[in-house]
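[1] Sequence and predicted structure below; questions after.
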Amino acid sequence: MKISINGIAYEIAEGSSIMQALILSSPNSVTQIELKGFVIALNKTFVSRSQYPLTKLQDNDAIELLSPMAGG
Amino acid sequence: MPTDWINTDTESTDTKSTDTETNDSLKLYDQTFNSRLLVGTALYPSPDIMAQAIKASGSDMVTLSLRRQDPSNNQGQAIWQHIQQSDCALLPNTAGCHSAQEAVTLAEMSREMFNTDFIKLEVIGDDYNLQPDPFETVKAAEILINKGFKVLPYCTDDLVLCQRLLEIGCQVLMPWGSPIGTGKGLMNPYNLQAIRQRFPTTSLIIDAGIGKPSQAMAAMEMGYDGILLNTAIAKAHDPITMAQAFAQAVNGGRQAYLAGLMESRQTASPSTPVLGTPFWQQS
C-alpha cells in the first residue's frame, strides 16, 4: 500500500504500523532518543509516541513528522 | 490608576518560570515571570546571535514552532539546542494554521514535543496581512482549554472577540499592535485602550507589529502587561543591542504606568510658580 511521510510517497506492507513506517523512511534504525526529536500527526490527527507501534496504517495515509524550529 | 491590574502572585509550580519573582511579576495562568518581554526565535542572522539576543533581552519565555524535518538543513537543530540551553520557558506557536482543527493538532504535537501546556494560538484568516481568523480562533481556543492547555490567543483588537475568548476560559489575550512583521506599532490605540479598560484584571500582551522600543513603551504605559515580538530584534543591524533597548523600553513603560501618568490637557499650565513672578506690574 502507499503512504506518505511529509509529502514523500512510500510503499509499505499491508498492516504496517507507524513505527514500521518510521524505520522504513529512516536510513538508520529509530532509537528511543531519536523518537524524542520529533512528533507525528496521522491524517491531521495527533498520535502520541506510545501509540506508534500500535497504530496500523491504511492505504493513502499521510504522516506529518515535525521537529522543533524557530518561531515568532 | 487601577492597582488591581498589578499581578502580585509569587507562587509558581513551573521550574522554568523565574525563581526570584518580584511583587510585579507577569502572570500567565498559574505561573509568574520576572520579564514582561517575550521574544521570538526566528529570523536571526545565526543561532549564536539569537542566543545572545535572548539573553540580552532578559526574557523568561521564548516562542518557537514545529516544522517538517529538513535533512539538508541542520539550523533547526542548532536553534533548538540554543533554546534549551537558555533555560527560558517555552511558548510553542501554531503559526501557519488556517483552521481550528489544524491548530488543535499542532498544539497537541507541541505539548508532547516541548512538554508544556502553554500554546500561542495562531489561526490565520487572511494570508495577505496575516490577520487572525476570529471564528476559528475562538473554536480552537475552546477545544484547547477543555484539553487543559494554557492558551495565549493571538487576536485582533476587536473588543467583542476578546470578550468571547475570555468567556470560554482564556486567561491571557494577545491582541496585535499591527500585522505581523510590519513594524507599524500600535495601529488602533483607541481599541487597545478600550480592551485594557474593559478587562482590567486580564493579562494582556501586545503580540505582533511592534517595530521600535518606543512603540513597546507606549503599550506598556497604556497598562499592557507585556510585549511579544520577534522581527524588530532579529532584523536589527545589531540584534543584541536592540534586545537590550527593548528590555529597557518595556521596563520603563511599566514603571511609568505604575507611577501613574499625568492627564493631558488642552491648555498650557505653567510649572514654575506664578506667585512672585518678577517684573510683574499691576495695571
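    The structure has been received and is ready for your questions. Numbers count the residues shown, from 1 in each chain, chains lettered A, B, ... in the order given.
[2] Spell out which parts of the stretch 1-150 of chain B neighbour chain A.
    Contacts of the stretch 1-150 of chain B with chain A, taken as Cβ under 8 Å from any Cβ of the partner chain, map to B:40-44, B:50, B:63-69, B:76-77, B:79-80, B:83, B:92-93, B:95, B:101-102, B:105-106, B:108-110, B:112-114. (C-beta placed from N, C-alpha, C; glycine too.)
[3] Buried subset of the residues you listed, written for ChimeraX?
    Selecting only the buried entries of the residues of the stretch 1-150 of chain B next to chain A in ChimeraX, with 16 or more other Cβ atoms under 10 Å in any protein chain shown as the criterion:
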select /B:40,41,42,44,50,63,64,65,66,67,69,76,79,80,83,92,93,95,101,102,105,106,108,109,110,112,113,114
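[4] now, which of the residues of the stretch 1-150 of chain B next to chain A lie within strands?
    Per DSSP state E, strands hold the following members of those: B:63, B:64, B:65, B:66, B:67, B:68, B:92.
[5] could I get the residues you listed as JSON lines with pLDDT?
    Formatted as JSON lines, those follow (pLDDT from 0 to 100):
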{"residue": "B:63", "pLDDT": "97"}
{"residue": "B:64", "pLDDT": "96"}
{"residue": "B:65", "pLDDT": "96"}
{"residue": "B:66", "pLDDT": "96"}
{"residue": "B:67", "pLDDT": "94"}
{"residue": "B:68", "pLDDT": "91"}
{"residue": "B:92", "pLDDT": "98"}
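[6] Out of the residues you listed, which is nearest to residue A:62?
    Closest approach between these and residue A:62, by Cβ to Cβ: residue B:68, at 12.0 Å.
[7] strand partners of the longest strand seen in chain A, parallel vs antiparallel please.
    Longest strand in chain A, counting residues (DSSP E): strand A:61-70. Take DSSP bridges as the rule and strand A:61-70 pairs in its sheet with strand A:2-5 (parallel), strand A:39-42 (antiparallel), strand B:61-68 (antiparallel).
[8] Export those as TSV, with columns for distance to residue B:276.
    As requested, the strands paired with strand A:61-70 are exported to TSV (distance: least, Cβ to Cβ, whole Å):
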stretch	distance to residue B:276
strand A:2-5	84
strand A:39-42	75
strand B:61-68	55
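[9] got a list of contacts for the longest strand of chain A?
    A:3-6, A:18, A:21-22, A:37-44, B:40-44, B:50, B:64-69, B:76-77, B:79-80, B:83, B:106, B:109, B:113-114 (Cβ atoms under 8 Å, 6 or more residues apart in numbering or on different chains).
[10] Now do the buried residues in it.
    Applying 16+ other Cβ under 10 Å to strand A:61-70 flags A:61, A:63, A:64, A:65, A:66, A:67, A:68, A:69, A:70 as buried.
[11] Pull that strand out as PDB, backbone CA atoms only.
    Extracted as PDB, the C-alpha positions of strand A:61-70 are listed here (Å, rounded to 0.1, in the frame of the first residue of the first chain):
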ATOM      1  CA  ASP A  61      -2.400   7.600   4.900                       C
ATOM      2  CA  ALA A  62      -0.400  10.800   5.300                       C
ATOM      3  CA  ILE A  63       2.100  11.200   8.200                       C
ATOM      4  CA  GLU A  64       3.400  14.600   9.200                       C
ATOM      5  CA  LEU A  65       6.700  14.300  11.100                       C
ATOM      6  CA  LEU A  66       7.600  17.600  12.700                       C
ATOM      7  CA  SER A  67      10.600  18.800  14.700                       C
ATOM      8  CA  PRO A  68      11.500  21.900  16.700                       C
ATOM      9  CA  MET A  69      12.100  25.100  14.700                       C
ATOM     10  CA  ALA A  70      12.500  28.800  15.300                       C
END
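[12] which secondary element of chain B has the worst mean pLDDT?
    helix B:75-86 (a mean of 86; mean pLDDT, DSSP states H and E).
[13] Residues contacting that helix, please?
    Contacts of helix B:75-86 (Cβ under 8 Å, 6+ apart): A:67-70, B:41, B:47-48, B:50-51, B:54-55, B:62, B:64, B:67, B:69-70, B:90.
[14] for chain B, what spans make up the strands?
    With strands called from DSSP E, chain B shows them at B:26-28, B:31-33, B:37-39, B:61-68, B:89-92, B:118-121, B:124-126, B:131-132, B:150-155, B:172-175, B:203-207, B:226-229.
[15] Make JSON lines from those and add distance to residue B:280 to it.
    Output for those, formatted as JSON lines (distance: least, Cβ to Cβ, whole Å):
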{"stretch": "strand B:26-28", "distance to residue B:280": "52"}
{"stretch": "strand B:31-33", "distance to residue B:280": "56"}
{"stretch": "strand B:37-39", "distance to residue B:280": "51"}
{"stretch": "strand B:61-68", "distance to residue B:280": "59"}
{"stretch": "strand B:89-92", "distance to residue B:280": "62"}
{"stretch": "strand B:118-121", "distance to residue B:280": "62"}
{"stretch": "strand B:124-126", "distance to residue B:280": "63"}
{"stretch": "strand B:131-132", "distance to residue B:280": "59"}
{"stretch": "strand B:150-155", "distance to residue B:280": "57"}
{"stretch": "strand B:172-175", "distance to residue B:280": "52"}
{"stretch": "strand B:203-207", "distance to residue B:280": "49"}
{"stretch": "strand B:226-229", "distance to residue B:280": "49"}
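[16] What is the end-to-end distance of stretch B:89-100?
    25 Å (Cα to Cα, to the nearest Å).
[17] Please disregard the earlier target; I meant stretch A:38-54.
    18 Å.
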